[in-house]
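Q: Quick one: sequence and predicted model below, then my questions.
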Amino acid sequence: CAERREPKSRTFFGYFDTFITVYDYTGGRKKDFDAMCADVEGEIEKYHKLLDIYNKYEGVVNLAQINESDEELEVSPELFEFLSFAVEMHEETGGEVNIAFGAVLEIWHKYREEGVRVPSAEILDEANLHTDIKSLSLNAEKMTALRLDEKMKLDAGALGKGYALEAVGEYIREKYG
């Protein structure tokens, strides 16, 4: 029987408001694992910044900037690919997955932060009028995104977390085999 080795692991917190753990079952050298983890953390941070709806980062056009802009913004290939994927998932799920639902989620977030129990149906109904994914215009030739409804807000939510980790996983497979 082969010797059983405990996997090396590294846990990151602070990205996507969740814990992300990387495991290495190869039995490779610790310094190689440490280097890979630094590389992986950089990729996780990149997607965290791109999909962040609360903060802006120098040199990065992200969802927060799209949500505040009434102009067409040039976005990175990674963000454009995510937005295109989100539109596709909206179509495939009959609207069950909707990153344009941010206007409603923003209200719930505000109420939760302020300690208010439940927003009124009227407030939620008004916000729900601004959740049409078709209010997001994507131009593949120019690599741009534009909100056609100034009250529509993007929120990547769980789709963003899953997408980002899949992208980082693909990056690991390509770079480290």
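A: On my side now, so go ahead. Residues are numbered from 1 along each chain as shown.
Q: Ala156 and Glu45, how far apart?
A: Going from Ala156 to Glu45 by C-beta to C-beta, to the nearest Å gives 15 Å. Placement of C-beta: from N, CA and C, glycine included.
Q: no, scratch that, I was asking about Asp32
A: Distance, Asp32 to Glu45, by C-beta to C-beta: 21 Å.
Q: ranges for the strands of this protein?
A: Secondary structure of the chain (DSSP state E): strands at 8-15, 18-24, 73-74, 136-139, 144-147.
Q: from memory Lys8 sits against Asp32, does it?
A: No: if you go by C-beta atoms under 8 Å, Lys8 and Asp32 don't touch, sitting 9.7 Å apart.
Q: Give the residue spans of the chain that score low on pLDDT.
A: 1-4 (pLDDT under 70).
Q: quick check: longest helix of it.
A: Scanning the chain for the helix with the most residues, using DSSP state H, yields helix 30-51.
Q: Give me the buried positions along that one.
A: 33, 36-37, 40-41, 43-44, 46-51 (16 or more other C-beta atoms under 10 Å).
Q: got the CA positions of it in CSV?
A: The C-alpha coordinates for helix 30-51 follow below in CSV (Å, rounded to 0.1, in the frame of the first residue of the first chain):
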residue,chain,number,x,y,z
LYS,A,30,5.5,22.9,0.2
LYS,A,31,7.3,25.8,-1.5
ASP,A,32,5.6,24.8,-4.8
PHE,A,33,2.3,24.7,-3.1
ASP,A,34,2.9,28.1,-1.5
ALA,A,35,3.8,29.6,-4.9
MET,A,36,0.7,28.1,-6.5
CYS,A,37,-1.5,29.5,-3.7
ALA,A,38,-0.1,33.0,-4.1
ASP,A,39,-0.9,32.7,-7.8
VAL,A,40,-4.4,31.3,-7.1
GLU,A,41,-5.1,34.1,-4.6
GLY,A,42,-4.2,36.7,-7.2
GLU,A,43,-6.8,35.1,-9.6
ILE,A,44,-9.4,35.0,-6.9
GLU,A,45,-8.8,38.6,-6.0
LYS,A,46,-9.1,39.6,-9.7
TYR,A,47,-12.6,38.1,-9.9
HIS,A,48,-13.6,39.5,-6.5
LYS,A,49,-12.7,43.0,-7.7
LEU,A,50,-14.5,42.5,-11.0
LEU,A,51,-17.7,41.3,-9.5
